[in-house]
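Trainee: missing the sequence, but the structure's below:
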RNA sequence: GUGGGUGUAGCUCAGUUGGUUAGAGCGCAGGAUUGUGGCUCCUGAGGUCGUGGGUUCAAAUCCCAUCAUCCACCCCA
């Protein structure tokens, strides 16, 4: 087999898709309660959207985008995340003209050119929500609550909510200076990456894994202690709302979001058992994004959740999703005449809404019964010459082993009665 | 992009200091039971040993390259 799925991509086979469908059903159920509605945006966009929205200097834009020219010589990029597209759609469709806020959710594939690793793929899937047009801190808390409720309904445990505020461009500028002042004296002790970061983006020094253990990290100025009055107030109110909902969280001054558009609230929900990539969902407020795209001043907040990471966490915690893979009925036949008759009943039963299967490989009766068992059939029908002559079918309850004959004329009705 | 581990049957893995027809368990197919699944027993099918090159009388085994995969860094979902 020479042709394989491209690196970092995965086939989802039926045993997987059943789980994915369960997650998506649960997503719709929970998010709808919070009055979020589904939006579907294109999987590719004009490259400029991401350059401007996510930020020219970010890793995503610098080295992780799947970008190509289409036949019309337009630069196109497979979306590396969902927020920029949702904001683009919001602006393009002038949705701000409707009653606000606008609350959306979405689910779908994202693409980033990275080396695959546990919990990281080149095509991965996110479930995301975005609330646009409201800067009320209650929305920030609502978004976190929604994510936590979703994961809790999947029975996930030991989730940590990390909370920070990255302030507005004003407080960030001041803070950046404070950080530089602080790290100046330790510059020689920082790793080489961080020496670069010192100039380019000192905030990133805070979550460097190499330098994490250094003692002076403890005493580095915390951004949430350096916020301007407005940002500080917002941050406090988010916490109050979370307290009100009794959602546990920990302040984490090291939580720095990589994308340019983030302002104020930043959060991450992590599960420590996942390995290096332990964030299940992360997000925050992006009051500056709309301006980057369209010059309009529209606040927004959202998060993105990694579907593969949810699945990993479920596996790690030994949680089996309640998925029913059984089928109602398996038809076993003996002889060609019976096979033809069965094919017709198969159709009728399926039209009646039953999940029914028969053998197509000419297996022995024993083989067919085995097949019925493998398919988790609740009942099997045995249809042979004897039955056809008498105008009946033998119905076997696969759990109890009990068998009865019923008239073929009543087959569909009788089966429906049993299945209900 | 950088570093390390691993590639043998559909799956999980054995395979001695290089030595002749490459094994096991599970799964799959058939039979024991002339028309009845799960348990048991028997039988069978299935492998260019990731790929290419090299060393050697001889390579799954040693060397080189390459690809894939896993893990970690960077960064993020």
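Mentor: Done, it's in. Source: prediction; values computed, not measured. Numbers count the residues shown, from 1 in each chain, chains lettered A, B, ... in the order given.
Trainee: by contact count, what packs against the helix or strand harbouring residue A:91?
Mentor: According to DSSP states H and E, residue A:91 maps onto helix A:83-92. With contacts defined as 3 or more C-beta pairs under 8 Å, 6 or more residues apart in numbering; DSSP states H and E, the packing partners of helix A:83-92 are strand A:44-46, helix A:47-54, strand A:102-111, strand A:123-132, helix A:289-294, strand A:300-306. To be clear about C-beta, it is placed using only N, CA and C from the backbone, and glycine gets the same treatment.
Trainee: Could you give the separation of that helix from the chain centroid?
Mentor: 19 Å (C-alpha atoms, centre = their mean, to the nearest Å).
Trainee: now residue A:22, what's its secondary structure?
Mentor: Put simply, residue A:22 is helix when judged by DSSP: H, G, I helix; E, B strand; the rest coil.
Trainee: Pull the number of nearby residues for it.
Mentor: Counted with other C-beta atoms under 10 Å, residues neighbouring residue A:22 total 14.
Trainee: my guess is it meets residue A:321, correct?
Mentor: Yes - contact criterion C-beta atoms under 8 Å: residue A:22 and residue A:321 qualify, at 4.9 Å.
Trainee: re earlier: tilt between the helix holding residue A:91 and strand A:300-306?
Mentor: Between helix A:83-92 and strand A:300-306, the angle comes out at 140 degrees (axes from the mean of the first three to the mean of the last three C-alpha atoms, to 10 degrees).
Trainee: How about residues contacting helix A:83-92?
Mentor: With C-beta atoms under 8 Å, 6 or more residues apart in numbering as the contact definition, helix A:83-92 has outside contacts at A:39, A:41-42, A:45, A:49-50, A:53-54, A:79, A:95-96, A:102, A:104, A:106, A:128, A:130, A:132, A:261, A:286, A:289-290, A:293-294, A:296, A:298, A:300, A:302, A:304.
Trainee: Could you rerun that using 7 Å?
Mentor: For helix A:83-92, contacts defined as C-beta atoms under 7 Å, 6 or more residues apart in numbering pick out A:39, A:41-42, A:45, A:49-50, A:53-54, A:79, A:96, A:102, A:104, A:106, A:130, A:132, A:286, A:289-290, A:293-294, A:296, A:300, A:302.
Trainee: Same question for stretch A:254-265.
Mentor: A:53-55, A:58-59, A:140, A:162, A:164-168, A:203-204, A:206-207, A:231, A:234-235, A:238, A:266, A:268, A:284-289, A:292, A:301.
Trainee: Stretch A:63-70 too?
Mentor: Here stretch A:63-70 makes contact (C-beta under 7 Å, 6+ apart) with A:47, A:50, A:75, A:76, A:77, A:78, A:80, A:111, A:112, A:113, A:114.
Trainee: For the stretch 151-300 of chain A, what lies in contact range of RNA strand B?
Mentor: Residues of the stretch 151-300 of chain A lying close to RNA strand B (C-beta under 7 Å from any atom of the strand) are A:193, A:197, A:204, A:207-210, A:256-259, A:268, A:275-282.
Trainee: Buried members of those residues into PyMOL, please.
Mentor: Selecting the buried subset of these in PyMOL, with 16 or more other C-beta atoms under 10 Å as the burial test, is done by:
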select buried, chain A and resi 197+208+256+257+259+268+278+279+280+281+282
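Trainee: if we can go back for a sec, filter the contacts of stretch A:254-265 down to the buried ones.
Mentor: A:53-55, A:58, A:140, A:162, A:164-168, A:203, A:206, A:231, A:234-235, A:238, A:266, A:268, A:284-289, A:292, A:301.
Trainee: ok, back up a step: so which pair among the contacts of stretch A:63-70 is furthest apart in space?
Mentor: A:75 and A:114 (20.4 Å; C-beta to C-beta).
Trainee: Compare those two (neighbour count), which wins?
Mentor: Comparing residue A:75 with residue A:114 by neighbour count (other C-beta under 10 Å), the higher total belongs to residue A:114, at 16 against 12.
Trainee: ok now do the more buried one, which residues does it touch?
Mentor: A:64, A:120, A:122.
Trainee: Dump the helices and strands packed on helix A:83-92 into JSON lines; add mean pLDDT as well.
Mentor: Shown next, in JSON lines, are those (pLDDT from 0 to 100):
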{"stretch": "strand A:44-46", "mean pLDDT": "96"}
{"stretch": "helix A:47-54", "mean pLDDT": "92"}
{"stretch": "strand A:102-111", "mean pLDDT": "97"}
{"stretch": "strand A:123-132", "mean pLDDT": "97"}
{"stretch": "helix A:289-294", "mean pLDDT": "90"}
{"stretch": "strand A:300-306", "mean pLDDT": "96"}
